[in-house]
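Peer 1: coords please:
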Amino acid sequence: MRWLLHERGSAALEFITAGILMLVPLVYLVLTLAQLEAATFAAEGAVRQATRVFVTASTESRGREQAALAIEDALVDAHLSPNQSRIEVTCSPTPTRCLMPQSWITTRATISVPLPFVPSLFNLEKYARVSVVAEATERVAR
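Peer 2: Sure, this is the predicted structure:
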């Protein structure tokens with residue numbers, strides 16, 4: 001029992017150590033979730049704007065160009081690389097005539113978001129990614 005009397009001041013050290021060990025993963029989790037949330041908002045805004053731009057375009061090729069530019073601008077504004085995204089524009093009921101009146105235009109973006117602080121050692125950053133998918137549909141009114 002004598003050894004218990006000589007442990008003065010170790011509770012503070014243990015509390016600080018345990019606090020740091022729990023705080024570091026918590027901070028990483030908050031940073032990761034914030035980055036994913038930002039990417040989600042950027043993707044949703046991008047596909048919504050791209051779909052609106054496509055629907056109001058004069059030709060289908062011009063609409064695809066403007067939609068791609070709208071998505072690229074939204075991703076750059078959110079500090080995401082447009083190279084890490086895949087964009088698909090589909091039309092229904094007739095896939096070959098997108099701007100026909102009463103057609104539905106659907107824009108889908110898949111963005112690969114890198115996790116923060118992952119080193120490039122052994123190409124880890126290539127695999128430490130989360131995909132964020134957003135989709136928007138709009139009807140051609142003309």
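Peer 1: C-alpha only now, for contacts and for neighbours.
Peer 2: Fine.
Peer 1: which residue is nearest the middle of the protein?
Peer 2: In the chain, the centroid-proximal residue (CA atoms, centre = their mean) is Ala39; its distance is 2.7 Å.
Peer 1: OK, contacts around that residue?
Peer 2: Contacts for Ala39 (CA atoms under 8 Å, 6 or more residues apart in numbering) come out as Ala78, Leu80, Ile111, Val113, Val132.
Peer 1: tell me how many other residues crowd the first one.
Peer 2: I take that to be Ala78. 16 (other CA atoms under 10 Å).
Peer 1: give me the element Leu29 is part of.
Peer 2: Assessed by DSSP states H and E, Leu29 sits inside helix 10-55.
Peer 1: could you export whichever helix or strand comes after that helix as PDB, CA atoms only?
Peer 2: As assigned by DSSP H and E, the chain's next helix or strand after helix 10-55 is helix 60-77. C-alpha atoms of helix 60-77 as PDB (Å, rounded to 0.1, in the frame of the first residue of the first chain):
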ATOM      1  CA  GLU A  60     -27.700  19.600 -77.400                       C
ATOM      2  CA  SER A  61     -24.000  19.900 -78.000                       C
ATOM      3  CA  ARG A  62     -24.100  23.500 -76.600                       C
ATOM      4  CA  GLY A  63     -26.000  22.200 -73.600                       C
ATOM      5  CA  ARG A  64     -23.400  19.500 -72.900                       C
ATOM      6  CA  GLU A  65     -20.600  22.000 -73.100                       C
ATOM      7  CA  GLN A  66     -22.300  24.400 -70.800                       C
ATOM      8  CA  ALA A  67     -23.300  21.700 -68.300                       C
ATOM      9  CA  ALA A  68     -19.600  20.500 -68.200                       C
ATOM     10  CA  LEU A  69     -18.500  24.100 -67.600                       C
ATOM     11  CA  ALA A  70     -21.100  24.600 -64.800                       C
ATOM     12  CA  ILE A  71     -19.900  21.400 -63.000                       C
ATOM     13  CA  GLU A  72     -16.300  22.300 -63.400                       C
ATOM     14  CA  ASP A  73     -16.800  25.800 -62.000                       C
ATOM     15  CA  ALA A  74     -18.700  24.500 -59.000                       C
ATOM     16  CA  LEU A  75     -16.000  22.000 -58.300                       C
ATOM     17  CA  VAL A  76     -13.200  24.500 -58.600                       C
ATOM     18  CA  ASP A  77     -15.100  26.800 -56.200                       C
END
